[in-house]
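In: okay, predicted coordinates and the sequence, questions at the end:
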Amino acid sequence: MVLGHEQETARALLADLPLRLVSNEWYREGQTTSVYRGLEALSEPCNGVMVCLSDQPLLQVDDINRLVDAFMHRCPTSVLLPTWQGRRGNPVILAYEHRDAILAGGRNRGCRRFIDSNPQLVTRQEMDNDHVVFDLDTPEDYRRLLRRLGSGEVGASETRAAAGR
């Protein structure tokens, strides 16, 4: 897990979990620097790398498991990109073999440019809910989250209107 802002607080909260924590001293430059640090910190090859964002509160274990299952068993390419109603989402999963190419782009390039530059490597996985496209970038996003949680609804209905934003 890559830590940037308030990392000492995060370290204390995560201390009991079986995670390897990595510091990102460039976090003020944007989220791509965290992707870079995470990829850089991989110590041995693996089947795939899931790049998760920290501002997707609706993501559930079932969503993650569906993506992992699709990548491991049904993905004919080396990149899996979740979508909802055609909108690009997160987390993405990339084969480890792309690590060096992404790192070669520098810490401010990230996975998105790699994915956009290599569409032949990408399989889109349509999801049955909006969890992969719902994030907290604005105060209005936070208000929408509170409304959804207050109503007990964590599916897709409220974000239909926001799908075009």
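Out: Looks like it arrived, so ask away.
In: what about stretch 37-44, distance to the chain center?
Out: 16 Å (CA atoms, centre = their mean, to the nearest Å).
In: no, scratch that, I was asking about stretch 74-85
Out: Relative to its parent chain, stretch 74-85 has a centroid offset of 13 Å by CA atoms, centre = their mean.
In: spell out which residues make up each domain of the protein.
Out: Here the domain parsing of the chain from automatic domain parsing is 1-41, 45-164.
In: lowest average pLDDT across those?
Out: The minimum mean pLDDT among the domains of the chain belongs to domain 45-164 (a mean of 88).
In: could the domains of the chain go into JSON lines alongside mean neighbour count?
Out: The way it works is simple: take the backbone N, C-alpha and C, and place the C-beta from them, glycine included. Below are these laid out as JSON lines (neighbours: other CB atoms under 10 Å):
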{"stretch": "domain 1-41", "mean neighbour count": "15"}
{"stretch": "domain 45-164", "mean neighbour count": "15"}
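In: where along the protein do the strands fall?
Out: 2-3, 22-23, 49-51, 79-84, 87-88, 92-94, 122-126 (DSSP state E).
In: so for Leu146, which of the ones you listed sits nearest?
Out: Distance to Leu146, taken as CB to CB, is lowest for strand 79-84 among the strands of the chain, at 20.6 Å.
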